[in-house]
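Colleague: I'd like to go over a predicted model; first the sequence, then the structure.
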Amino acid sequence: MRLAVFSTARVPSRTANSIQVLKVCQALLDLGHEVRLWLPGPAPRAAWADLGRQYGVRGPIDITWCRAWPPLRRYDYALTSMLQARRWRPDLIYAWPLQTAALAAPLGLPVVLELHELPAGRFGPGLLRAFLRGRGPRRLLPITAALRDLAAAAYALPSEPGSVRVAPMGVDLERYQDLPAPAEARRRLGWPQAFTIGYTGHLYAGRGIELLVEVAVRLPGTHLVVIGGEPQAGETWQVRARQAGAANVHFLGFVPNADLPVCQAACEVLVMPSQRSIAGSSGGDIGQVASPMKTFEYLATGRAIVASDLPVFREVLNPGNAVLLPPDDAAAWARALETLQQDTGRREQLGRQSRLDAKQYSWVERARRSLEGLDRGGPHGR
């Protein structure tokens, strides 16, 4: 099919939503579809080779850039990009912005809308309702079952089979094949040869970085690495860690997505200490509905995972593939990590199950499920 894809993600940037958009486009290309992506803003000067390495995609992805005037809150982008896409004559619309989905719904084309949180603001709820009332085939893709249930309680979601599908984040399984053992990965990276606990992702409020610093203080014989976040945030946290007496925690900053697997492989344990309230990149609280990409990367790495025991995380994690702990109990985290440090067999058991569970979360399989049936005009066939 010819797929017109729309996002307001800033590319290039280090935001999780920009990574996910390009991962989805790559997966759609891998399935044999013709894909064109519309993004707001002027075209960047970066060459595709640089973008591909930053985002860990092969591409190249056909991107059309539309200028957007900030005071119009990208409504001008939604209209301009949709008019351009109509001239391209796509078979299906795949969108993240509510504005785009609402404009596309009356066209009669199949429309897929990814939903990462409940609509907010003055116009958000009305835009979602406009999409849901569309006359063409449509599919809503909430990223967690928790989000699906919240949306169903607030909106009249279509009840036809296949019209709403939960679509968790994914992982490039092929990039996690034949990873080196932790000691060998550390040798390649030039990291110290110590028991290593790793966190990858942003440093926004609610990601549990305070907890990690406290755990590092309690476990001085370990090496704790934090990868990701903006430079200023990393520098601030590095100072705070030193002031707290955690000389064994290091904030390494941004790593290109293409290099991330070997960094994760260099760790004996990967941690996800999210708190009950988590700030998203847009500033809202996503603690009830989050589907962090790191979850699936951690699984594919085949390392022991220690994560906060949040209801939404249990949609993917369980006692068979992770150690789940209260998000506010640093002493419990330190004890669990110390136990894993001493129990190689337990770490390996968790890692084996993680790798097995990761197989169901490839980006390509996610894309296949997301579009299944829409090439025949369903659900709500024309």
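Modeller: Received it, and whenever you're ready, just let me know what you need. Numbering: from 1, shown residues only.
Colleague: against A43, how distant is the most centrally placed residue in the chain?
Modeller: The residue lying closest to the centre of the chain (CA atoms, centre = their mean) is M293, at 3.4 Å. Applying CB to CB, to the nearest Å, the value for M293 to A43 is 26 Å. For the C-beta atoms, the positions are set from N, CA and C on the backbone; glycine is no exception.
Colleague: strands of the stretch 51-200 of the chain, start to end?
Modeller: 62-66, 92-95, 111-115, 138-142, 196-200 (DSSP state E, counting those that start in this stretch).
Colleague: with mean pLDDT added, can I get those strands in a markdown table?
Modeller: Converted to a markdown table, the strands of the stretch 51-200 of the chain look like this (pLDDT from 0 to 100):
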| stretch | mean pLDDT |
| --- | --- |
| strand 62-66 | 95 |
| strand 92-95 | 96 |
| strand 111-115 | 96 |
| strand 138-142 | 95 |
| strand 196-200 | 98 |
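Colleague: columns distance to Y298 and mean neighbour count on top of those strands, output as a markdown table?
Modeller: What follows is those, written out as a markdown table (distance: least, CB to CB, whole Å; neighbours: other CB atoms under 10 Å):
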| stretch | distance to Y298 | mean neighbour count |
| --- | --- | --- |
| strand 62-66 | 29 | 17 |
| strand 92-95 | 27 | 26 |
| strand 111-115 | 22 | 24 |
| strand 138-142 | 22 | 25 |
| strand 196-200 | 8 | 25 |
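Colleague: quick one: these as a markdown table, columns for distance to Q20 too.
Modeller: Below are the strands of the stretch 51-200 of the chain laid out as a markdown table (distance: least, CB to CB, whole Å):
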| stretch | distance to Q20 |
| --- | --- |
| strand 62-66 | 15 |
| strand 92-95 | 12 |
| strand 111-115 | 9 |
| strand 138-142 | 12 |
| strand 196-200 | 15 |
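Colleague: quick one: find the helix or strand in this protein with the lowest mean pLDDT.
Modeller: None of the helices or strands of the chain scores lower by mean pLDDT, DSSP states H and E than helix 48-55, at a mean of 90.
Colleague: quick check: which of the strands of the stretch 51-200 of the chain is nearest to V262?
Modeller: Nearest to V262 among the strands of the stretch 51-200 of the chain is strand 196-200; the distance by CB to CB comes to 11.3 Å.
Colleague: so which elements touch the helix or strand just after the closest one?
Modeller: Per DSSP states H and E, the first helix or strand lying C-terminal to strand 196-200 is helix 209-218. Packing contacts for helix 209-218, counted by 3 or more CB pairs under 8 Å, 6 or more residues apart in numbering; DSSP states H and E, involve strand 196-200, strand 223-227, helix 231-243, strand 249-253, helix 330-342.
Colleague: again, only using 6 Å
Modeller: Applying 3 or more CB pairs under 6 Å, 6 or more residues apart in numbering; DSSP states H and E, we find helix 209-218 packed against helix 330-342.
Colleague: same for the helix or strand just after the helix it packs on, what does it pack against?
Modeller: Sequence-wise, the next helix or strand downstream of helix 330-342 (DSSP H and E) is helix 344-358. For helix 344-358, the elements it packs on are helix 293-301, strand 304-308, judged by 3+ CB pairs under 6 Å, 6+ apart.
Colleague: now the ones you listed in CSV, with mean pLDDT and distance to E348?
Modeller: Below are the helices and strands packed on helix 344-358 laid out as CSV (pLDDT from 0 to 100; distance: least, CB to CB, whole Å):
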stretch, mean pLDDT, distance to E348
helix 293-301, 98, 13
strand 304-308, 98, 8
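Colleague: still on that earlier bit, so the residue nearest to the centre of the chain touches P168, yeah?
Modeller: No: using CB atoms under 6 Å as the test, M293 is too far from P168 to be in contact (9.6 Å).
Colleague: got the contact list for Q54?
Modeller: Applying CB atoms under 6 Å, 6 or more residues apart in numbering, we find Q54 in contact with P12, P256.
Colleague: gap between it and L128?
Modeller: Distance from Q54 to L128, by CB to CB: 32 Å.
Colleague: where does this structure dip in pLDDT?
Modeller: 281-283, 376-382 (pLDDT under 70).
Colleague: at 50 what do you get?
Modeller: Judged against pLDDT under 50, the low-scoring parts of the chain cover residues 378-382.
Colleague: can you point me to the longest strand in it?
Modeller: Assignment by DSSP state E gives strand 34-40 as the longest strand of the chain.
Colleague: list the buried residues in that strand.
Modeller: Neighbour counts over strand 34-40 (16 or more other CB atoms under 10 Å) mark V35, R36, L37, W38, L39, P40 as buried.
Colleague: packing partners of it?
Modeller: On a contact count with 3+ CB pairs under 6 Å, 6+ apart, strand 34-40 meets strand 2-6, helix 16-30, strand 62-66.
Colleague: of those, which is nearest P182?
Modeller: Comparison of the helices and strands packed on strand 34-40 against P182 by CB to CB identifies helix 16-30 as nearest, at 24.5 Å.
Colleague: hmm, who's touching that closest one?
Modeller: 3, 5, 7, 9, 11, 35, 37, 55, 57, 61, 363-364, 367.
Colleague: and of those residues, the nearest to V249?
Modeller: Closest approach between the contacts of helix 16-30 and V249, by CB to CB: Y55, at 27.2 Å.
Colleague: ok, for that closest one, nearest residue in space, not its chain neighbours?
Modeller: L22 (4.5 Å; CB to CB, 6 or more residues apart in numbering).
Colleague: out of the strands of the stretch 51-200 of the chain, nearest to V164?
Modeller: Across those, closest to V164 is strand 138-142 (CB to CB), at 4.8 Å.
Colleague: okay, the angle between that closest one and strand 111-115?
Modeller: Relative orientation of strand 138-142 versus strand 111-115 (axes from the mean of the first three to the mean of the last three CA atoms, to 10 degrees): 20 degrees.
Colleague: fine by me, thanks again.
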